[in-house]
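Asker: Everything below, folded, please.
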Amino acid sequence: MVGEMVGGATVTLPDSGTLTDRIRLALGDDAALLLDRRPNEYMTSFGTEVVTCRLADGRAVRLFCKHGSAARDGSFGHRLGVAYEVEVYRQLLVRSGLSTPRFYGGWTGPAGQALLLIEYLEDACRLEETLQPSDALLAAVTWVAGFQRLAELRRAEMPSALTRRRLRHDYYVGWSRRAADTLARTGPPDDRVEAVREGFERSLHLLTEADLVPVHGELYPHNVLVHRGEVRPIDWESTALAAGEIDLASLVERWPVDDVEACCAAYARTRWPDGPPPDFPLTLDMARAYLHFRWIAVGPSPRKPLRWRIDELCEIGTRLGFLPR
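Answerer: Just a heads-up that it's a prediction; the model follows:
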């Protein structure tokens, strides 16, 4: 077995013989041969690597491998793992016809192990690493709005694995309460945050009664690759039916005001050609508040301080009327 450091912990990768067997099962190719395997350049929450395989027809392909296990990740059901992501690719993304990395196959073992095989995009870069990140951001916003609009038009074809995964009232309350617990442990109490939490929980109908669509769930710029001029979102293990504004909120978080305004306008035009619903700004702010509560609940770290999230959460609470102006 091969050990890879991920987030400070060692993730156990299968040995080459076991990996070859799993790749053959995932591809449906008994003659596939593993030629090379190398660590993934980017750190992720899962064991990942880049492999080169020769297929039965003689072609050599480079694949991105994502390994999963049955171990809990501490996300309280937010991330459902690699086996679930395989089904999202198979049942939803492939059918959409939109630009994601090509899905080659997946394997799920009896003890919860899983393997996702997708196209390795040799010359791709993360959205924020492009020469024109504002343009790439706008393209990503337009992509996800189009994806969600397409899903609404094809609602009858929604895969069963996804229709069972809805973000409901208790899900959001869980994160707002955990955020309150985190702040109680890590710093002095802040009455403003408590007022925002109470208002947020009273107003959850804006998120739970909206037109629910498939959301990526963690569509931050680092989860969007840009490859030959096209955006290609990756890491779909948090996909759920929810308010689509959640993906917009994560994409535009901490970008300049002009970029945010342009992206919100593009999202509305693409998703609702006849005009957005009147509560779109309110739902977007509720989505922003949810994301702040979720990351506050995770707790502070040297790279992820909480103060700016608390300050922005209070600004949102003021706009929503949870705090006095």
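Asker: after the host helix or strand of residue 17 comes which helix or strand?
Answerer: Using DSSP states H and E, residue 17 sits in helix 16-27. Next along the chain after helix 16-27, taking DSSP H and E as the criterion, comes strand 33-39.
Asker: The helix or strand following that following strand - what's its average pLDDT?
Answerer: Per DSSP H and E, the first helix or strand lying C-terminal to strand 33-39 is strand 47-54. What strand 47-54 shows for mean pLDDT is 93.
Asker: now strand 47-54 and strand 33-39, what's the angle there?
Answerer: If you take axes from the mean of the first three to the mean of the last three C-alpha atoms, to 10 degrees, strand 47-54 sits at 150 degrees to strand 33-39.
Asker: May I see the buried residues of the longest helix seen in the chain?
Answerer: Looking across the chain with DSSP state H, the single longest helix is helix 133-153. For helix 133-153, burial by neighbour count (16 or more other C-beta atoms under 10 Å) applies to 133, 136-145, 147-152. Where C-beta positions appear, they are placed from N, C-alpha and C, glycine not excepted.
Asker: Likewise for stretch 50-69?
Answerer: Those would be 50, 51, 53, 61, 63, 64, 65, 66, 67, 68, 69, for stretch 50-69 by 16+ other C-beta under 10 Å.
Asker: One more: stretch 91-109?
Answerer: 92, 93, 98, 99, 100, 101, 103, 104, 105, 106, 107, 108.
Asker: If we only consider those, which is nearest to residue 202?
Answerer: Among the buried residues of stretch 91-109, residue 92 lies closest to residue 202 (C-beta to C-beta), at 32.6 Å.
Asker: got a list of what residue 62 touches?
Answerer: 50, 51, 52, 120, 122 (C-beta atoms under 8 Å, 6 or more residues apart in numbering).
Asker: Would you point out the most distant pair within the residues you listed?
Answerer: The widest separation within the contacts of residue 62 (C-beta to C-beta) is 13.4 Å, between 51 and 122.
Asker: ok so, going back, list of residues touching the longest helix of the chain?
Answerer: So helix 133-153 is in contact with 92, 96, 98-99, 127, 130, 158, 211, 213-216, 219, 221, 224, 226, 230-231, 233, 244, 247-248, 251-252, 255, 259, 262-263, 266-272, going by C-beta under 8 Å, 6+ apart.
Asker: Make a ChimeraX selection of the buried ones in the residues you listed.
Answerer: A single ChimeraX command is used to select the members of the contacts of helix 133-153 judged buried by 16+ other C-beta under 10 Å:
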select :92,98,99,127,130,158,213,214,215,216,219,221,224,226,231,233,244,247,248,251,252,255,259,262,263,266,267,268,270,271
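Asker: now, which of the contacts of helix 133-153 lie within strands?
Answerer: Counting by DSSP state E, those place 213, 214, 215, 224, 226, 230, 231, 233 in strands.
Asker: Could you identify the most distant pair in those?
Answerer: So, those by C-beta to C-beta: farthest apart are 213 and 226, at 23.4 Å.
Asker: so who does the residue most central in space within the chain touch?
Answerer: Most central in the chain under C-alpha atoms, centre = their mean is residue 218, positioned 2.8 Å from the mean C-alpha point. Going by C-beta under 8 Å, 6+ apart, residue 218 touches 235, 238, 250.
Asker: Is it correct that the first one is in contact with residue 224?
Answerer: No - using C-beta atoms under 8 Å, residue 235 and residue 224 do not qualify as a contacting pair, with a distance of 9.5 Å.
Asker: where along the chain do the helices fall?
Answerer: Under the criterion DSSP H, the chain contains helices at 16-27, 82-88, 94-96, 133-153, 160-163, 169-186, 191-202, 205-208, 245-252, 257-271, 280-298, 307-319.
Asker: Redo those helices as JSON lines? Include mean pLDDT and distance to residue 46.
Answerer: Below are these laid out as JSON lines (pLDDT from 0 to 100; distance: least, C-beta to C-beta, whole Å):
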{"stretch": "helix 16-27", "mean pLDDT": "95", "distance to residue 46": "15"}
{"stretch": "helix 82-88", "mean pLDDT": "91", "distance to residue 46": "6"}
{"stretch": "helix 94-96", "mean pLDDT": "85", "distance to residue 46": "21"}
{"stretch": "helix 133-153", "mean pLDDT": "94", "distance to residue 46": "22"}
{"stretch": "helix 160-163", "mean pLDDT": "64", "distance to residue 46": "19"}
{"stretch": "helix 169-186", "mean pLDDT": "94", "distance to residue 46": "22"}
{"stretch": "helix 191-202", "mean pLDDT": "96", "distance to residue 46": "31"}
{"stretch": "helix 205-208", "mean pLDDT": "97", "distance to residue 46": "28"}
{"stretch": "helix 245-252", "mean pLDDT": "98", "distance to residue 46": "19"}
{"stretch": "helix 257-271", "mean pLDDT": "97", "distance to residue 46": "29"}
{"stretch": "helix 280-298", "mean pLDDT": "96", "distance to residue 46": "17"}
{"stretch": "helix 307-319", "mean pLDDT": "95", "distance to residue 46": "25"}
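Asker: All set, thanks.
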